[in-house]
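*Asks:* turn this into a model:
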Amino acid sequence: MSTVTVPHEVASTSNGHLVLDLPGADIILRSQDSYHFRVPKIYIVNTSPILGELIRRTLDSPGDHVNPEVSLPVVQLPESGEILHYLLTSTFPIIQLVPSTPEKIMELLSVAQKYQMGTVLAYIRGSIAQQNSLPTRLEPALHIYALAQKYGLRPEALRTARVIFLKHSMTIEDFDNKLDIMPGASLYELWMYHERVRAILASDLVEFRVSCARGTITDLRCTELSSSQIPRWLDQYIESIGEKPSLFDSTELSIAIARHVKDKAHELGCKCSSIPNYTMRDFWEALASVVDGSFEKAESALVLVCEREGPQAQINSTTSSLEPFDVPDANIIIRSSDNVNFRVHKSLLAMASPFFKDLLSLPQPSESEIVDGLPVVQSPESSELLTCLISILYPVPTVMPDSYEKVLYLLTACQKYDMISVQSYIRAEVSRGGSLAPDGAEAFSAFAIATAKGLIPEMEDAAYSTLFHPMTFEILGEGLRLFEGWALRDLVNFRKRYKDNHVACLDSFLEVQHPGPSSIWVGCPEVMPTGAPSETYQQNRALPTWLYELISQSQDDRKHKNFTDPLRVPNPSSSISAVRLAYVEALDLHEDCSFCSGVDRRHGLTFCAELENKLAEARKKVSHSLYFSSIAN
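*Replies:* Modelled structure (predicted):
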């Protein structure tokens, strides 16, 4: 695009508005923040059918665009003056200005896309590509991908998703504290796309190997050939890319060659050290073509979040067909989001909810809907949820939700309407029944919902329940879409803190120096024979093997992804915790030791109680940090 010398820079007028004043201007574009851009409309009409139609409607509405302070028709736009200025410098034959931050760049692209300015969009993308290369580090790459998802920019989302796939492994642990860069819904789409690319790439690489690297590797003399008659080391390198895509790098290929040549230096039949450069160049180009093709096949697998129905809508759409309440002498109608009327009493609503008490005390607008002489109040809750809520208020059989997710939304409604006693009743019913508690990996979804809705007790319980499951993309599944990025980060950090706190707690019980809680066990003949010299005794202080293994095993449980709760009660009728039960069972196998039996008689109960208390304190400390983190967000 050629440029002409015209006054195009943003300047300040007496009224403080930005001005872009171009020759032949016959219309003013006004930004959301009231900056004016005097431009010839022919350029705008020819580059954007959306803006062209907006201009036409403005000009066809006499008086709507009249402004006594200006002499040209004014078209109001919702964008800021800054973004419009960038957009217009890419639309007219003037010196182009491009934003310097990823946020503004993506916003600019989204505006050009919204107005269907295809030529301008391509021009902006070309300019950006010349000035800014895609980042390869994980954090900035995730940031750009998140922005591309936010603004619905498929090309940018695809390019950055490819970079992430080829440069970084895709696990929750790898993302660590970068999880708050984007909402869980965007992260879910990234993971699904990567899984599709991985499957296609693995299949294409098999074909590439079988085809002898598409004929690019021929007549190579090597002592070890694969079934496809290519050097085994090269065959293994190709296969490894499917397992770890970051190995698709010319440097990694060079390392693989060098390692093979070094290993086979003593074998005269291997000629891999003298592979011609053109052969390796042809091989690399063929391999790159396979990788590129795999990404092209998988493009449709990347879904923009804005194209998919939200998980909340899916949950709310699955409601049961229920009979609405119609109590005698009702004096108000509560209408659900799915248009079911509930005829209830104002006085009961006012008693149960300060929110409704204040609402019903206000004068009703004259245009309020009346049905059968009763005022109608519209509720955003579904008929299923309102049935549960109102059944608790009236002396009728209580209707409880049929899933824990719905319980959370019912608790949220109670919180919104300030129904504290009703909320307490629901929590008691759930605790008493037990059947509605989140099952298995559902705890992750429960945590996401509870955190988003500010349900602190449910958030803490769900966070604790997740500890019994690996936190992987496969386990999270669709539930990942319910998470805000900061909530996902907080859950990862909670799990790490829980593990670290408990490992540290158990470490203190492996310490045998006085006055540590385990020092009472020093002296077991199994690890310290009777009659040993005192200096040997002091140098070799050790826990009995049975106790050391018990505490070490508990530590190992916490260091791994799955572990059991040491404070759970396996048999409610006995009220004995799992850690105390394990202690008893381990000591029983050591019953022939009079020393340990004596320590148990004198101090066993106190020792177990201290261990349980320390573990409980470690858990409580982590739960409090989770609570304060959620409040801060």
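*Asks:* what stretches of the stretch 251-400 of the chain score poorly on pLDDT?
*Replies:* Where the stretch 251-400 of the chain drops to pLDDT under 70, the residues are 265, 309-325.
*Asks:* so where do the helices sit in it?
*Replies:* For the stretch 251-400 of the chain, the helices defined by DSSP state H, counting those that start in this stretch cover 277-298, 311-317, 346-352, 354-361, 383-393.
*Asks:* can I get those helices in JSON lines with mean neighbour count and distance to residue 555?
*Replies:* For glycine as for every other residue, the C-beta is placed from the backbone atoms N, C-alpha and C. Output for the helices of the stretch 251-400 of the chain, formatted as JSON lines (neighbours: other CB atoms under 10 Å; distance: least, CB to CB, whole Å):
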{"stretch": "helix 277-298", "mean neighbour count": "15", "distance to residue 555": "42"}
{"stretch": "helix 311-317", "mean neighbour count": "14", "distance to residue 555": "37"}
{"stretch": "helix 346-352", "mean neighbour count": "17", "distance to residue 555": "49"}
{"stretch": "helix 354-361", "mean neighbour count": "14", "distance to residue 555": "49"}
{"stretch": "helix 383-393", "mean neighbour count": "22", "distance to residue 555": "44"}
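*Asks:* and residue 99, which of the ones you listed is closest to it?
*Replies:* Proximity to residue 99, assessed across the helices of the stretch 251-400 of the chain by CB to CB, is greatest for helix 277-298 (27.5 Å).
*Asks:* and for the closest one, what's in contact with it?
*Replies:* For helix 277-298, the external contacting residues (CB atoms under 8 Å, 6 or more residues apart in numbering) are 158, 162, 193, 196-197, 200-201, 204-205, 208, 213-214, 216-217, 220, 234, 238, 241, 248, 250, 253.
*Asks:* just the buried ones from those residues, in PyMOL syntax?
*Replies:* Provided next is the PyMOL selection string for whichever of those are buried by 16 or more other CB atoms under 10 Å:
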select buried, resi 158+162+193+196+197+200+201+204+205+208+213+214+216+217+220+234+238+241+248+253
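*Asks:* rewinding a little: as TSV, the helices of the stretch 251-400 of the chain with distance to residue 488 would be great.
*Replies:* Listed next are the helices of the stretch 251-400 of the chain as TSV, based on distance: least, CB to CB, whole Å:
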stretch	distance to residue 488
helix 277-298	24
helix 311-317	14
helix 346-352	35
helix 354-361	31
helix 383-393	26
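*Asks:* which among these is found nearest to residue 55?
*Replies:* helix 311-317 (35.5 Å).
*Asks:* can you check which of the helices of the stretch 251-400 of the chain gets nearest to residue 187?
*Replies:* Nearest of the helices of the stretch 251-400 of the chain (CB to CB): helix 311-317, 13.3 Å.
*Asks:* ok, the spatially most central residue of the chain - contacts?
*Replies:* Centroid-nearest residue in the chain: residue 184, 2.8 Å away (criterion: CA atoms, centre = their mean). By CB under 8 Å, 6+ apart, the contact set of residue 184 is 448, 480, 481, 482, 483, 484, 485, 487, 488.
*Asks:* so which of these are in helices?
*Replies:* Counting by DSSP state H, the part of these found in helices is 448, 485, 487, 488.
*Asks:* re earlier: name the nearest residue to the residue nearest to the centre of the chain, sequence neighbours excluded.
*Replies:* Nearest non-adjacent residue to residue 184, counting by CB to CB, 6 or more residues apart in numbering: residue 483, 3.0 Å away.
*Asks:* wait, isn't the one you found in contact with residue 446?
*Replies:* No - counting by CB atoms under 8 Å, residue 483 sits too far from residue 446 to count as a contact (11.5 Å).
*Asks:* quick one: secondary structure of residue 142?
*Replies:* Assigned by DSSP: H, G, I helix; E, B strand; the rest coil, the conformation of residue 142 is helix.
*Asks:* need the per-residue pLDDT for it.
*Replies:* On pLDDT, residue 142 comes in at 95.
*Asks:* what's the local residue count around it?
*Replies:* By other CB atoms under 10 Å, 25 other residues sit near residue 142.
*Asks:* can you check residue 374 too?
*Replies:* Count around residue 374 with other CB under 10 Å applied: 16.
*Asks:* so who does the nearest residue to it once chain neighbours are set aside touch?
*Replies:* Distance criterion CB to CB, 6+ apart; nearest residue to residue 374, sequence neighbours excluded, is residue 333 at 4.9 Å. Residues near residue 333 by CB under 8 Å, 6+ apart: 341, 342, 343, 344, 371, 374, 375, 376, 377.
*Asks:* out of these, who's nearest residue 111?
*Replies:* Once CB to CB is applied, the member of those that ends up nearest residue 111 is residue 377, at 39.9 Å.
*Asks:* does the closest one touch residue 359 like I think?
*Replies:* Yes - with contact defined as CB under 8 Å, residue 377 counts as touching residue 359 (7.4 Å).
*Asks:* from residue 543, how far out is the closest residue to residue 523 other than its chain neighbours?
*Replies:* In space, and not counting its chain neighbours, residue 523 is closest to residue 595: 5.6 Å by CB to CB, 6+ apart. Distance, residue 595 to residue 543, by CB to CB, to the nearest Å: 12 Å.
*Asks:* who's more crowded, those two?
*Replies:* residue 543 (21 against 17).
*Asks:* next, that one: secondary structure please.
*Replies:* Per three-state DSSP, residue 543 ends up coil.
*Asks:* what does the model give it for pLDDT?
*Replies:* In this prediction residue 543 is given a pLDDT of 90.
*Asks:* residue contacts, it?
*Replies:* Contacts of residue 543 by CB under 8 Å, 6+ apart are 510, 512, 518, 521, 522, 524, 527, 551.
*Asks:* OK, contacts around the first one?
*Replies:* Translated: residue 510. 518, 543, 548, 551, 552.
*Asks:* quick check, nearest of these to residue 453?
*Replies:* The closest of the contacts of residue 510, once distances to residue 453 are taken by CB to CB, is residue 551, at 39.0 Å.
*Asks:* any idea which element the closest one lies in?
*Replies:* Per DSSP states H and E: residue 551 is located in helix 545-559.
*Asks:* mind listing what's buried in that helix?
*Replies:* 546, 547, 548, 550, 551, 554, 555, 557, 558.
*Asks:* can I get those in TSV including pLDDT and distance to residue 48?
*Replies:* Output for the buried residues of helix 545-559, formatted as TSV (pLDDT from 0 to 100; distance: CB to CB, whole Å):
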residue	pLDDT	distance to residue 48
546	94	79
547	94	77
548	92	75
550	91	73
551	90	70
554	80	66
555	77	64
557	71	62
558	65	59
